[in-house]
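J.: Show me the folded form of this:
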Amino acid sequence: MTTAWSTFPVQFTGGLVTNISPLQQGINAVGSAFILQNFEPSLDGGYRKVAGYTKLDDAQLTGSGVTQALAVVENADEERFIAARSGVYYLINTTDTTPAWSSLVTASNIGFTKARHVSYNFNNALKIVFVDGVNYPVYYTDSTQAMTSYITNSGTGNSAVEGAGTVELFKSTLFFGIGTELVFTAPYSDTDFDPANGAGSIGLNSEITGLKVYRDSLIVFCRDKIMRLTGNSAADFTLSAITEDLGCLSPDTIQEVGSDVMFLGPDGLRTLSSTERIGDFGIDVASKNIRPTVTELQSYAQNFSSTVIRGKAQYRMFGYVNGEKVGIAKGVLGTKFIDQGGTGFQWAETKGYKVYIADSQYIGDQEYVVFSNNDGYVYLMESGTSRDGDNVVAIYESPFMPVTDPQKRKTFYKLDLYIKPFGAINIDCNVRYNQNDRNKIQPATFSLVSDAGGGGFYGNNTAIFGSTSYGEPRTQSFDNNIVGSGNTVALRIEDDSSNSAFLLDTAILEFAENNRK
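T.: Presented below is the predicted three-dimensional model:
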C-alpha cells in the first residue's frame, strides 16, 4: 500500500519570539524564529541576511577611548561627518580627493562620555549644536565648516545650559535638558537665553533623560515620567503629563521610527504613538515578543545606542561593553510592519556590531548610517557583505513544530526551500527532531549552494558597471531529500561567510503521518 504524503508549508514571518514556550511557539507561530541572528524581517517578506559594514575612511581618529560624538552633516552636495575623541571634535569630507579628519575645537573638559546633537537652520544657515552633560554647548556652522569654542558664561547669559545633556529643536527654539530643568532659547536664536527676548526655563521634579519632537509636541522623557510640551512660544508653552508611571532609562535609545517614537523603558522597548483621540497618546510595549532577550541585553550592558534605517522602517538598539571583542557584541533590531503601535514590530538579534555611538541621516537622496566604538574608526553600516572583513554569522532556527498531532510520529522525506539569493551563496541547513533528543539519530548537515548566475545583482560588490547585466534575482527552489522521523521537527539555516545577502522566503516539508502508538 502506497504511503500518503502530506505537505507542511513554513512561511518565514513573525520574527524572533522568546517570550513563550517552544512548543506553544511551534504550534501557534509557525514561521517565527527561536533564534534569529543577523537576519532582518523584511518589508518584502521573509528574513533577509543583514548587510555588513565598512570603514567610512581609512583615516583613524587620534586620541584614545571611545568616540564621544558622531553626526552626519545634512549637506546635499558634500559628504561631511563630525566625530569627537579625547575631547577633540573633527570634521571629514569623504568626497575630498584625500579625505582626512581635521580638528575643529577642543572641549574645556575633555572627559565627557557622550555628546548628543540636533541640526537646525536659522536664517538659511545649517548648524549643529552638541551637548555633552559637562561643558557648555558647542556649535558647528556648515557654511564655514567651523565650530565655535565652548562658550564661557562671560557676557553670554547662557550659564544655565552648562552641563546640558540633551537638546532638541521645537518651534524654531532650541530646548536643553539639564538635570531637572528644561531651558529654551529665544525664537530663531541658538545662543540668546535672555527672558526679555522670549527665552526661559521650566522646572520639573524628575531628571530629564531625553527630548524628542513628535507631531505638534515636544516630548520630555524623564527618569520616571513622560511629559508633553505644547504651544508656540514662551507666552503659551504648556507642560502636561502623558504618564507618571514610567519613564525612559537611556536617552540614546530614543528614535522616531515610522510614525512612532521608540524608547527603552524599565520593562523593555516601548513606543509612543498617537491615538484616534486628539491630544491622546498610546504607550505600547513593542518588545513583548522578545522580553527575555531585551531583559538579558539590559543585564549584559550598561551603555546603549540606537539608530534607525528609514528605508527599511527599522529600529536598531545596541548594547555596549567596552572590553568585549567585536564578534560577541549584542543588539536587537525591529522592523515596523504597521503604521502605529508596538504590536507591528518583528524582531531579530544582531551579533558582531560593536556600537557605542551612532547616527543616521539623509545626504541628498541617500541614507547614511554611521557608528563608532573605541578603536578610533567610524564605520558605515549597511555597506558591503562583511563586518569590515570579518564574516557575518547569520542564523535562523525555527521552534520545534509538531506539524499535526504532537503525539504522532511523522516520517519526513523532502524539504523544499525557497530562497532569493542576491549573489553567490553557500548555506548550511539542518533538520532536527524531537527537541534535538540526544538519544535520537539526527540527520547530517547539508549545504545549499548557488552561484551568482550570469548577471549581476545591484549591491553586489563584484559587479562591474559596463560589463555586467543587472536584474532583480528570482526566488530559487532548493529541493533536498531528508531522512528521519519524529513527533516534532525544527529547521536551522546558518551562513557564516562574507557572501552576498539572501532572503529566506518559504520552506515546504513533505511527510507521512504514522499511526498513534
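J.: drop to CA atoms for contacts and neighbour counts, all remaining ones
T.: OK.
J.: Which positions in stretch 403-423 come out as buried?
T.: 403, 408-423 (16 or more other CA atoms under 10 Å).
J.: average model confidence for it?
T.: The average pLDDT within stretch 403-423 is 93.
J.: Please report the separation between the first and final residues of it.
T.: End-to-end span of stretch 403-423 (CA to CA, to the nearest Å): 32 Å.
J.: on that earlier part again, give me the subset of the buried residues of stretch 403-423 lying in helices.
T.: In helices, judged by DSSP state H, none of the buried residues of stretch 403-423 are found.
J.: what's the nearest residue to A71 if we skip its chain neighbours?
T.: In this structure, A71 finds its nearest non-sequential neighbour in I82, 5.1 Å apart by CA to CA, 6 or more residues apart in numbering.
J.: does the residue most central in space within the chain sit in a helix, a strand or a coil?
T.: Centroid-nearest residue in the chain: R316, 1.3 Å away (criterion: CA atoms, centre = their mean). Taken by DSSP: H, G, I helix; E, B strand; the rest coil, the conformation at R316 corresponds to strand.
J.: Just list the residues touching it, thanks.
T.: Going by CA atoms under 8 Å, 6 or more residues apart in numbering, R316 touches 306-308, 331-334.
J.: how near is K408 to R432?
T.: In terms of CA to CA, K408 sits 16 Å off from R432.
J.: got it, and G210?
T.: For G210, the distance to R432 - CA to CA - is 46 Å.
J.: Y368 now?
T.: Using CA to CA, Y368 is found at 41 Å from R432.
J.: So what's the predicted local confidence for I395?
T.: pLDDT, I395: 98.
J.: Am I right that P292 is in a helix?
T.: Yes. Membership of P292 in a helix is supported by three-state DSSP.
J.: ok, it touching T18?
T.: Yes. Using CA atoms under 8 Å, P292 makes contact with T18 at a distance of 6.4 Å.
J.: Summarise which helices and strands the helix or strand of the chain at the bottom of the mean pLDDT ranking is packed against.
T.: Taking mean pLDDT, DSSP states H and E as the measure, the chain has strand 281-285 as its least confident helix or strand, at a mean of 82. In terms of contacts (3 or more CA pairs under 8 Å, 6 or more residues apart in numbering; DSSP states H and E), strand 281-285 is packed against strand 268-274.
J.: State the mean pLDDT of the strand it packs on.
T.: Average pLDDT, strand 268-274: 87.
J.: rewinding a little: for the contacts of R316, work out which two are farthest apart.
T.: V308 and G331 (13.3 Å; CA to CA).
J.: Those two: which has the busier surroundings?
T.: G331 (27 against 23; other CA atoms under 10 Å).
J.: element containing the more buried one?
T.: strand 330-336 (DSSP states H and E).
J.: tell me what that strand is packed against?
T.: Using 3+ CA pairs under 8 Å, 6+ apart, strand 330-336 sits against strand 39-41, helix 291-300, strand 314-320, strand 345-351.
J.: Buried deepest among those, which one?
T.: By mean neighbour count, with neighbours taken as mean count of other CA atoms under 10 Å, strand 39-41 ranks first of the helices and strands packed on strand 330-336 at a mean of 29.
J.: Tell me how many other residues crowd the closest residue to I283 other than its chain neighbours.
T.: Leaving aside its chain neighbours, I283 sits nearest to L272 (4.8 Å; criterion: CA to CA, 6+ apart). Neighbourhood size, L272 [other CA under 10 Å]: 24.
J.: shift numbering so it begins at 44
T.: Got it, first residue is 44 now, which makes that one L315.
J.: For S283, give the beta-bridge partners.
T.: R271 (DSSP bridges).
J.: Okay, it and L272: tell me how far apart.
T.: Separation of S283 from L272 (CA to CA): 7 Å.
J.: higher neighbour count, those two?
T.: Taking neighbours as other CA under 10 Å, S283 and L272 compare with L272 leading, 18 against 12.
J.: thought the more buried one was touching D279?
T.: No. Using CA under 8 Å as the test, L272 is too far from D279 to be in contact (10.0 Å).
J.: and G200, what pLDDT?
T.: 46.
J.: Identify the spatial nearest neighbour of E250, chain neighbours not counted.
T.: T223 (4.5 Å).
J.: Now do E287: how many residues are near it, please.
T.: Neighbours around E287, by other CA under 10 Å: 12.
J.: Without its sequence neighbours, what residue ends up closest to it?
T.: Using CA to CA, 6+ apart, the nearest residue to E287 is K268, at 4.3 Å.
J.: now swap in M424 and tell me
T.: Nearest non-adjacent residue to M424 (CA to CA, 6+ apart): Y96, at 4.5 Å.
J.: for the one you found, phi and psi?
T.: phi -150, psi 150 (degrees, to the nearest 10).
J.: so for stretch 210-218, what's the average pLDDT?
T.: Mean predicted confidence for stretch 210-218 is 97.
J.: Sorry, wrong one. I was asking about stretch 124-144.
T.: Mean predicted confidence for stretch 124-144 is 96.
J.: So which residues of this protein form helices?
T.: 65-71, 334-343.
J.: Let me know which of these is the nearest to T428.
T.: Nearest of the helices of the chain to T428, taken as CA to CA: helix 334-343 at 25.5 Å.
J.: quick check, distance from that closest one to the centre of its chain.
T.: On the basis of CA atoms, centre = their mean, to the nearest Å, helix 334-343 sits 16 Å off its chain's mean C-alpha point.
J.: so what does that helix touch, helix or strand wise?
T.: Secondary-structure packing of helix 334-343 (3+ CA pairs under 8 Å, 6+ apart): strand 311-317, strand 357-363, strand 373-379.
J.: what does that helix contact?
T.: 61-62, 310-312, 330, 362, 364, 373-375.
J.: for that helix, what is the average pLDDT?
T.: For helix 334-343, mean pLDDT rounds to 95.
J.: can you dump the C-alpha coordinates of it into PDB?
T.: Extracted in PDB, the C-alpha atoms of helix 334-343 (Å, rounded to 0.1, in the frame of the first residue of the first chain):
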ATOM      1  CA  ARG A 334      11.000  40.300  26.500                       C
ATOM      2  CA  PRO A 335      13.600  37.800  27.800                       C
ATOM      3  CA  THR A 336      16.100  38.900  25.100                       C
ATOM      4  CA  VAL A 337      15.800  42.600  26.000                       C
ATOM      5  CA  THR A 338      16.000  41.800  29.700                       C
ATOM      6  CA  GLU A 339      19.200  39.900  29.100                       C
ATOM      7  CA  LEU A 340      20.600  42.700  27.000                       C
ATOM      8  CA  GLN A 341      19.800  45.200  29.800                       C
ATOM      9  CA  SER A 342      21.700  42.900  32.200                       C
ATOM     10  CA  TYR A 343      24.600  42.400  29.800                       C
END
